[in-house]
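Engineer: Here is my input; please provide its structure:
(2 chains)
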Amino acid sequence: MSLPTYFTRLICVCSLLFITPACLAKDATNVIVDTGYIDVHTGPGRGYPVFHALEKGETIELLKQRTDWIKVKTKRGKKGWIHVSDVNKTRGVNGEVVAFSTPGFEQFSNRKFELGFSAGQFENSDSISAYVGWHLNKNIALEAHATQVVGDFSDSSMFTANVVLTPFTNWRITPFVTLGAGTIDISPDATLVSTEDRTNDVLQVGGGIYGYIGRRFVARLQYNNNTLVTDRNENEEINEWRLGITAFF
Amino acid sequence: MATRNNGFLLGLAIVATAISSVSYAQDDDVLEAIITPDLERREIKESDLDAEDFEVGLYFGVINIEDFGSNDVVGVRFAYHVSEDFFIEAAYAESSLSETSFERLSGDIQLLTDDQRDVTYYNLSVGYNFLPGEVFLGSKRALNTNFYLIAGIGSTEFADEEQFTYNVGAGLNVFPTDWLSIRLDFRDYIFEHDIFGETVSTNNLEATLGFNIYF
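Structural biologist: Numbering: from 1, shown residues only, chains lettered A, B, ... in the order given. You can find the predicted model right below:
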């Protein structure tokens, strides 16, 4: 890789790095401890040592959240992390109810976004794919998929936009169907006689199941029937299987 | 006339009853409104706080691609922390290939062109954080640390070919502050290639140092 590319990459990432801490400005959220005591950990995890205990009636400021942990600041300026289940044992300074949710199955049926990746078989080749999904409502989602197929004789990348319909949102193992369209670039391996890359439109009909694992994870098994629209008399049909993991939020 | 009057009275009575029942029902609310100040929000929940579940980072190091020597590698990664234990991440990196021993010993023979010596890989992995702890700097400062195990799938591209690649590894995060981590990562990239004719399975080891921001 050339030096200028290194630098553009570096600048891109650095600018990203600087933007992020700036978005920390929100009103202070103060709450009062409403239980016997609350353990304060040095880090956002149950394994980090407890170095302080909040007392009943103490006012603390909630600073930010990472996974199931909330960073708090005491009146004396001590900072540490408390668990979400403990923050719900506090109340707002004006008597508001503190109700932080822990991710569970309920969040799965009310999810807004999905982020997932999978490994699979694209006809007889290995494939890897990643996707993002956005839910219009409980039943209908729009998804963008990127798939890389690594074959013995050619490599392909496929991009599709899909509509996904999930009819039964309250089931832990729940089926879905999908329709999609996109393009596929096929590049034969250079070790064979020189051939040109080709690009085809692709239509996709598929279906599969989600299986709720726990927390923010679901497993997703999917079958797609891909129709490659070619110039020849017959279109090419390719069967595809994928098994992957999806995080939702 | 009488009927109209009756109708009017009936209407009045209904309205009066309606009002009184409403005001009875509202008595509690009215009292509450007087006692407690006008509340802007009834509930404090996760949307009132910034969540820092995403992570972006840059890493540098050395990767050894079997038969092609050890070379610099630079990459970017993006991760989402699903829980304190698990995260998913996507990474992309670039490196290059040196000459094989055969090329060096044989004189002029070059198996690959310069372009074919560029290596890029990307992968999608699941990581598991474990052994959280602290390291101590002198007597005043303690930095949080954690180890992680990671495994995933991806693709490695060089010599005009994509190779389906598994990766497994482990590493250590040190947190100078809670939104910055310094990460030491050791990874094995496993793929098959047939550049030398027959298909061989290769283990390609990488060691990198990275800087990551949580946001």
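
Engineer: Can you give me every residue that contacts the residue lying closest to residue A:140 once chain neighbours are set aside?
Structural biologist: Using Cβ to Cβ, 6 or more residues apart in numbering or on different chains and skipping the chain neighbours, the partner closest in space to residue A:140 is residue A:165 (5.9 Å). Backbone N, C-alpha and C define where each C-beta goes, glycine included. By Cβ atoms under 8 Å, 6 or more residues apart in numbering or on different chains, residue A:165 lies in contact with A:139, A:140, A:176, A:177, A:178.

Engineer: Near residue 206, how many other residues are there?
Structural biologist: No chain specified, so I'll use chain A. 20 (other Cβ atoms under 10 Å in any protein chain shown).

Engineer: nope, chain B
Structural biologist: Residue B:206 has 23 nearby residues by other Cβ under 10 Å.

Engineer: out of everything not next to it in sequence, what's closest to it?
Structural biologist: Distances taken as Cβ to Cβ, 6+ apart put residue B:63 closest to residue B:206, at 4.0 Å, once the chain neighbours are dropped.

Engineer: now residue 76, what's its secondary structure?
Structural biologist: By default, I'm working from chain A. Three-state assignment for residue A:76 (DSSP: H, G, I helix; E, B strand; the rest coil): coil.

Engineer: Over to it: give its phi and psi.
Structural biologist: Dihedral angles of residue A:76 (phi, psi; degrees, to the nearest 10) stand at phi -80, psi 0.

Engineer: mind listing what it touches?
Structural biologist: Counting by Cβ under 8 Å, 6+ apart, residue A:76 has no contacts.

Engineer: Please name the nearest non-neighbouring residue to the most centrally placed residue in chain B.
Structural biologist: Compute the mean C-alpha point of chain B, and by Cα atoms, centre = their mean the closest residue is residue B:79, 1.5 Å away. Nearest residue to residue B:79, sequence neighbours excluded (Cβ to Cβ, 6+ apart): residue B:89, at 3.8 Å.

Engineer: by contact count, what packs against the host helix or strand of residue A:174?
Structural biologist: Assigned by DSSP states H and E, residue A:174 belongs to strand A:173-188. Counting contacts by 3 or more Cβ pairs under 8 Å, 6 or more residues apart in numbering or on different chains; DSSP states H and E, strand A:173-188 packs against strand A:140-150, strand A:154-165, strand A:198-214, strand A:217-229.

Engineer: next structured bit after the one helix or strand in chain A whose mean pLDDT sits lowest?
Structural biologist: For chain A, using mean pLDDT, DSSP states H and E, the weakest element among its helices and strands is helix A:3-22, scoring a mean of 50. Helices and strands here follow DSSP H and E; after helix A:3-22, the next one along the chain is strand A:29-33.

Engineer: what lines up beside that following strand in the sheet?
Structural biologist: strand A:59-66 (antiparallel), strand A:90-92 (antiparallel) (DSSP bridges).

Engineer: Show the model's pLDDT score for residue A:52.
Structural biologist: Per-residue pLDDT puts residue A:52 at 91.
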